[in-house]
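Asker: just need the structure, nothing else, for what follows:
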Amino acid sequence: MRATALVILIVVRTGVSQIVFDDGKPPTKGRSLELEALNFMTGRWISEYVLRETPESNAFTGKGTSVIQWSPNGQFLISDQWLLVKSPGPPPNFWGAKLAVTTWDPVKKEYCITEVWSGGTQTMSMALEGKKMITRGESRKGDHVTKTTSYAERISDTQIKVRIECSIDDGPTWVFSEGTATKVSN
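Answerer: Okay, the predicted model is just below:
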């Protein structure tokens, strides 16, 4: 009985942001103030960045394009991304696709971002502080843990400056990526 009650509590806690109790009317598309604060992100964005995969590796440039829009129910911000990476070895260039879904977690009082790409998934938390966004994530590959912190700052309604720092197994932190994203259309 205790286990059943615990499972129900966990399901209710994790799903509370998505539950709409039936009052006889269909749910509305209304968003929380926290989700409304992300409206500036919708549209098509072009990014350019310098990337360093490890602290010792040579830096190389890349670019990307993202189309960001609200889900039909208005509760999820969806970013469909293509990233071109120029690597120092063969193949010289490759495009990678990634999908990111952002929503508000009212229990933890933070944004939750889930990224999906062909190599796996990652869940991160994000805080919005005025024109700054700080995103923290952790991924595992074998016995190694990579921690990332992304600092994004809105320079204007059409430009964001981004810096991503990484560390592996709590070792030294290095600048993984730096660049800008420019909004080219709504």
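Asker: what's near enough to touch the spatially most central residue of the chain?
Answerer: With distances taken as CA atoms, centre = their mean, the residue of the chain nearest its centroid is Ile113 (4.5 Å). Listed by CB atoms under 8 Å, 6 or more residues apart in numbering, the contact set of Ile113 reads 100-102, 123-126, 135, 137. The way it works is simple: take the backbone N, C-alpha and C, and place the C-beta from them, glycine included.
Asker: and the closest residue to Glu34 other than its chain neighbours, what are its bridge partners?
Answerer: Leaving out its chain neighbours, the residue that sits closest to Glu34 by CB to CB, 6 or more residues apart in numbering is Trp104, at 4.3 Å. For Trp104, the beta-bridge partners are Tyr111 (DSSP bridges).
Asker: secondary structure added to the contacts of Ile113, as CSV?
Answerer: Below are the contacts of Ile113 laid out as CSV (DSSP: H, G, I helix; E, B strand; the rest coil):
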residue, secondary structure
Ala100, strand
Val101, strand
Thr102, strand
Thr123, strand
Met124, strand
Ser125, strand
Met126, strand
Thr135, strand
Gly137, strand
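Asker: thinking again about what came up before, give me phi/psi at the residue nearest to the centre of the chain?
Answerer: phi -120, psi 130 (degrees, to the nearest 10).
Asker: what of Glu153?
Answerer: phi -130, psi 130.
Asker: tally of neighbours for Pro172?
Answerer: 8 (other CB atoms under 10 Å).
Asker: can you tell me how far it sits from Arg163?
Answerer: 16 Å (CB to CB, to the nearest Å).
Asker: also Lys183?
Answerer: Applying CB to CB to Lys183 and Arg163 gives a distance of 19 Å.
Asker: between the two, which one's more packed in?
Answerer: Lys183 (19 against 15).
Asker: element containing the more buried one, please.
Answerer: strand 174-185 (DSSP states H and E).
Asker: same check on Glu34?
Answerer: helix 33-36.
Asker: which strands and helices sit next to the next helix or strand after that helix?
Answerer: As assigned by DSSP H and E, the chain's next helix or strand after helix 33-36 is strand 43-51. Judged by 3 or more CB pairs under 8 Å, 6 or more residues apart in numbering; DSSP states H and E, the packing partners of strand 43-51 are strand 60-70, strand 159-168, strand 174-185.
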